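Enquirer: Got a sequence here, can you model it:
(one chain, ligands or ions: 1)
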Amino acid sequence: TPVPDYLAEVADACAPSTGGELASYIPELTRVDPRYFGLAMATVDGSIYSVGDAEVEFTMQSISKAFVYGLALRDRGMRAVLEKVDVEPSGDPFDGLSFEASTGRPRNPMINAGAITAHTLVGKEGIDADERFDLIHRLLCDLAGRELRVDDEVWQSEVRTSDRNLAIAHMLRSKGVITDPAEEVISAYARQCAVLVTARDLAVMAATLANGGVQPVTGKRVFSGAQVRQLLSVMLTCGMYDSAGDWVSAVGIPAKSGVGGGILGALPSQLGIATFSPRLDAHGNSVRGIQTFERLTADMRLHLMEVA
Ligand code: GLN
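Expert: Below is the predicted model:
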């Protein structure tokens, strides 16, 4: 079957799924149409296929965490980043208070505590929140291969309701893991989460990881091979929060989800895959997205532990 026909078949098969709920802790996210369903795939040689609502924009949310971690690695080096953020799966929810007891070091960069810390490691020490956001925005645009916009309503909506992330930032500050003012960090972090992408963008961004850090359409090198390996390892073990184990056993490729309804997965040396479907399970992962990934990796035998 040609790829577009195959993707349409998978989308049809998963379309009836209506399980899950829209994220509501960021009020503005409840305004999204829950029926959206997009699916896209990009290969490491730059071919892109998509079906359904793959051109509809939605906020990246936690998907940004993976790339910002990569940027922190790029800007500060592996050792400096590991000193501040561990790489242990925590089994905690995305907004859990998940720190090493003695040092206050967050367990991993995919939960908020670690992601907020990684955010502050972008760029040179001492830059301000706007400069840091600009570097992150530039990175995300390089990965997508186009100019991405921010959803200011979602950004401000999250800023107004960010008590929990502020609490996490204050805990990080209390141990000296971050040093910038909590309000500034959380505002810029929420702005990073509010960058708008499509499923098609996410597939290309994932394909950049699958391609060892070179954007397959523009040819631009965004990450080194070593940075990509680190990033994919953390996505595999921690990308789906407290359902990372379920995901790895059922789907078996490094992935990252966001409460905007996106999931991206990267199969090293081969493919980037992305889904957009806004209804979430209790972990904050897209229900229909998971179902679609399960179907795709089963059909195409993409699971990394598949024995030929
Ligand atoms: N902006 C969200 C937060 O920090 C991202 C969470 C997510 O996508 N799981 O709470």
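Enquirer: who in the stretch 201-308 of the chain is up against the ligand?
Expert: Within the stretch 201-308 of the chain, the positions lying close to the ligand (CB under 6 Å from any ligand atom) are 258-259, 284. Glycine gets a C-beta too; all of them are placed from N, C-alpha and C.
Enquirer: the helices in the stretch 51-200 of the chain, which residues?
Expert: Applying DSSP state H, counting those that start in this stretch to the stretch 51-200 of the chain gives helices spanning 63-76, 78-84, 112-120, 129-144, 152-160, 163-174, 182-193, 199-210.
Enquirer: Would you tell me which one of the ones you listed is buried the most?
Expert: Mean neighbour count (mean count of other CB atoms under 10 Å) peaks for helix 199-210 among the helices of the stretch 51-200 of the chain, with a mean of 29.
Enquirer: Check which helices and strands it is in contact with.
Expert: strand 38-43, strand 48-52, helix 129-144, helix 225-238, strand 262-267, strand 271-276 (3 or more CB pairs under 8 Å, 6 or more residues apart in numbering; DSSP states H and E).
Enquirer: Any chance of those in a markdown table with mean pLDDT as columns?
Expert: Shown next, in a markdown table, are those (pLDDT from 0 to 100):
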| stretch | mean pLDDT |
| --- | --- |
| strand 38-43 | 98 |
| strand 48-52 | 97 |
| helix 129-144 | 98 |
| helix 225-238 | 97 |
| strand 262-267 | 98 |
| strand 271-276 | 98 |
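Enquirer: Make a markdown table out of these and add distance to Gly252.
Expert: Compiled in a markdown table, the helices and strands packed on helix 199-210 are given as follows (distance: least, CB to CB, whole Å):
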| stretch | distance to Gly252 |
| --- | --- |
| strand 38-43 | 16 |
| strand 48-52 | 21 |
| helix 129-144 | 23 |
| helix 225-238 | 9 |
| strand 262-267 | 9 |
| strand 271-276 | 12 |
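Enquirer: pLDDT averaged over the host helix or strand of Trp247, what's the number?
Expert: For Trp247, the host element (DSSP states H and E) is helix 244-250. Mean per-residue pLDDT for helix 244-250: 94.
Enquirer: can you give me how far that helix is from the chain middle?
Expert: 16 Å (CA atoms, centre = their mean, to the nearest Å).
Enquirer: same deal with stretch 225-233?
Expert: 14 Å.
Enquirer: Tell me the buried residues in stretch 29-40?
Expert: 29, 32, 34, 36-40 (16 or more other CB atoms under 10 Å).
Enquirer: With stretch 10-18 instead?
Expert: 10-11, 14, 17.
Enquirer: Now the two most distant members of those residues.
Expert: Greatest spatial distance in these: Val10 and Ser17, 11.9 Å, computed using CB to CB.
Enquirer: quick check, Ala282 in a helix?
Expert: No: with DSSP: H, G, I helix; E, B strand; the rest coil as the criterion, Ala282 is assigned coil and is not in a helix.
Enquirer: gap between stretch 139-151 and the chain center?
Expert: 14 Å.
Enquirer: my read: Asp152 touches Ala194, true?
Expert: Yes: shown here, Asp152 and Ala194 form a contact pair, counting by CB atoms under 8 Å, at 7.3 Å.
Enquirer: domain assignment for the chain?
Expert: Following automatic domain parsing, the chain resolves into domains at 3-61+195-300, 64-193.
Enquirer: coming back round to it: near the ligand, list only the ones from the buried residues of stretch 29-40.
Expert: Applying CB under 6 Å from any ligand atom to the buried residues of stretch 29-40, none is adjacent to the ligand.
Enquirer: Nearest to the ligand among these?
Expert: Leu29 (9.3 Å; CB to the nearest ligand atom).
Enquirer: who touches that closest one in this structure?
Expert: Neighbour list for Leu29: 22-23, 59, 154, 157, 259-260, 278 [criterion: CB atoms under 8 Å, 6 or more residues apart in numbering].
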